[in-house]
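> based on what follows, work out the 3D shape:
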Amino acid sequence: MASSPPVRHAWRVLTGLLAITAVLFGLNALGVYAFKASSWTPDLALDLQGGTQIILQAQTTDGAAPDSEQLQQAVSIIRQRVDASGVGETDIATEGSDKIVVQIPGEADEATRQRIQSSAQLQLRPVLFTGSPATTFVGDDGNTTPYPTPDPNLPATPTASPTDGSDPAYITPALQAQFLAYDCANPPSNPAEAPADQPMITCGLQDGTKYILGPVEIDGDDIADATNGQEQNTGRWAVNLVFNDQGTEKFGKISQRLYGKQPPFNQFAFVLDGSVLSAPSMNGIILDGRPSITGSFTQESSKALADQLKYGALPLSFNVVSSDTVSATLGSQQLQVGFIAGLIGLALVALYSLIVYRALGTVIIASLGVMAVLTYVMLCILAWRMGFRLSLAGVAGLIITIGFTADSFIVYFERIRDELRDGKSITAAVEDGWSRAKRTIYISKSINILAAVVLYILADATVKGFAFTLGLTTAIDIVIFILFTHPVMQLLARTRFFGSGHPLSGMDPEALGAVYRGRAQFRAPIADSGRTKRSRGEAQRRQTIAERKQAELAAARGDSRSTKEGDD
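Now for the predicted structure:
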């Protein structure tokens, strides 16, 4: 015999849920075994596992304390840098009048440290000369000899006034001697403090190449955006820049000047914290303010450079005072307490469900189990793809969701019971109860998600973890309600145990008080037993005022007819 449409629908939906679960586990397995970037345990936040603490001290040109507004702006930009690297639950705050404390969960990798520590103003300077980082040469006698200390009497003023930033007249004998003796590992002065209107000597951040650079022609304030991507023709990774109106005009003039010149006068350097991030050559005249930087980039290095260029314009420069590993502020003990609280809440919900709904309570327990599995694998995937880390506030959000999830089942089951009290069959009660309950549940869950979104946007960083897990689990709750709870109820309603209304099933019509066939049309009880009285009383308590008056009127008419027959 062919199965009914609800049964076929239920099996299709459950198969879809199984497929979704398999895809999620497969995606996380791909991250674990192929990319070596994910794990089978959610990442923990700073308050639960400790991490890295970096203290930055602001430097000003006159040595005075920085302005508080500048310090807060620096905090905001550093936070953008760290968030762009995918690190979640980072705590960045000011300390005193000139320090910024950055706390990162877990061990900070070198790229993240570089993003934080490279915090001076971004500058674009033309390249005048490049050379090896070596500070020695092989003399005529065949011996290796260090370059001599520059003679202070060497001419330091250009013989002719430079006409533009790329004019080689900037390279004086004194500057050339300083370049040869310049030691990238031990510079004589901080290159970040070089005057913006004068040439400077510095080194490449990646390869240590030495540069003589011209004056600053564009600074980081003129960069509106920077992203990384692959070129369509070559597939090479590139950094794509977008200048603002002022930067577009400046860069257009620079590209016209540099294009077609011989190296290194066709290059311009991006300088951050006194070091050259990149020194690409000008391969065309760019007037739209959207140049691309290509080279031997990988996906990671291109993204790191894009982040540095995008968030490089800080109002202050910083020195790293300390970089240490810190212990957890709450630790594993608090995490265990949180999970124990969650288990206690889950056990109480399960106990309540079995007492009130009997065997029907197993559906609630199974739904919570499926939800726990999906939530767990989602936290693992989000830790890999978004850098999400579970904090104690996030654990609290997971615990609270247990109660919110139980509300959905209670609304649904009570709707089914109401339909049974109206005299409907169990299969019809399941379908009609679903139609009525889902609207109520959708509205309530929408309000929960809206509250979580607002809380995540407006709340402090310490509360964002709570809002995030609350919103995530509420969305998963809706999915479980649609793809698991209702299909399971459709199948159970057609089993002998639940479909016949067994007293232990939780869907016994007589125990629920279904003693009338229609509105105010009561079925005559077989015997005036205690159970029948309770059922009739239950039905009468659940009548509306109109139904109760109609029932009283029908009863009065029945008594009148009985009296008349007796008189006859």
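> every contact and neighbour count from this point should use C-alpha atoms.
Noted.
> now do the SS call for His502.
coil (DSSP: H, G, I helix; E, B strand; the rest coil).
> er, Phe481 actually
Under three-state DSSP, Phe481 comes out as helix.
> that one - how many residues pack around it?
Using other Cα atoms under 10 Å, Phe481 is surrounded by 20 other residues.
> repeat that for Glu69.
10.
> ok now the helix or strand hosting it, how far from the chain's centre?
Per DSSP states H and E, Glu69 falls inside helix 68-84. Offset of helix 68-84 from its chain centre (Cα atoms, centre = their mean, to the nearest Å): 18 Å.
> ok now the next helix or strand after it, how far from the chain's centre?
Once helix 68-84 ends, the next helix or strand along the chain (criterion: DSSP H and E) is strand 91-95. Distance, stretch centre to chain centre, for strand 91-95: 20 Å (Cα atoms, centre = their mean).
> in the sheet, which strands lie alongside the helix or strand just after strand 91-95, parallel or antiparallel?
Next along the chain after strand 91-95, taking DSSP H and E as the criterion, comes strand 99-105. Paired with strand 99-105 in the same sheet, following DSSP bridges, are strand 51-59 (antiparallel), strand 91-95 (antiparallel).
> the shortest one vs helix 68-84, what angle?
If you take axes from the mean of the first three to the mean of the last three Cα atoms, to 10 degrees, strand 91-95 sits at 160 degrees to helix 68-84.
> got the buried residues for strand 91-95?
Judged by neighbour count using 16 or more other Cα atoms under 10 Å, the buried positions of strand 91-95 are Asp91, Ile92, Ala93, Thr94.
> so the first one touches Ile104, yeah?
It refers to Asp91. Yes. Using Cα atoms under 8 Å, Asp91 is in contact with Ile104, at 6.7 Å.
> which residue is nearest the middle of the protein?
The chain has Met386 as the residue nearest its centroid, 4.6 Å off, counting by Cα atoms, centre = their mean.
> let's verify Ala269: helix, strand, or coil?
The three-state assignment at Ala269 reads strand, by three-state DSSP.
> any stretches of this protein with poor pLDDT?
Across the chain, the ranges flagged by pLDDT under 70 are 1-3, 61-62, 84-89, 117-121, 311-316, 329-331, 514-552, 555-568.
> kindly recompute the last result at 50.
Scanning the chain for pLDDT under 50 picks out 1-2, 515-532, 534-535, 538, 544, 563.
> and the helix holding Glu69, C-alpha only, in PDB?
In PDB, the C-alpha atoms belonging to helix 68-84 read as follows (Å, rounded to 0.1, in the frame of the first residue of the first chain):
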ATOM      1  CA  SER A  68      42.900  60.900  23.800                       C
ATOM      2  CA  GLU A  69      40.900  61.200  20.600                       C
ATOM      3  CA  GLN A  70      44.000  60.200  18.600                       C
ATOM      4  CA  LEU A  71      44.500  57.200  20.900                       C
ATOM      5  CA  GLN A  72      40.900  56.100  20.500                       C
ATOM      6  CA  GLN A  73      41.200  56.400  16.800                       C
ATOM      7  CA  ALA A  74      44.300  54.200  16.900                       C
ATOM      8  CA  VAL A  75      42.400  51.600  19.000                       C
ATOM      9  CA  SER A  76      39.600  51.500  16.400                       C
ATOM     10  CA  ILE A  77      42.000  51.000  13.400                       C
ATOM     11  CA  ILE A  78      44.000  48.400  15.200                       C
ATOM     12  CA  ARG A  79      40.800  46.500  16.000                       C
ATOM     13  CA  GLN A  80      39.900  46.700  12.300                       C
ATOM     14  CA  ARG A  81      43.300  45.200  11.400                       C
ATOM     15  CA  VAL A  82      43.000  42.300  13.900                       C
ATOM     16  CA  ASP A  83      39.400  41.600  12.900                       C
ATOM     17  CA  ALA A  84      40.400  41.600   9.200                       C
END
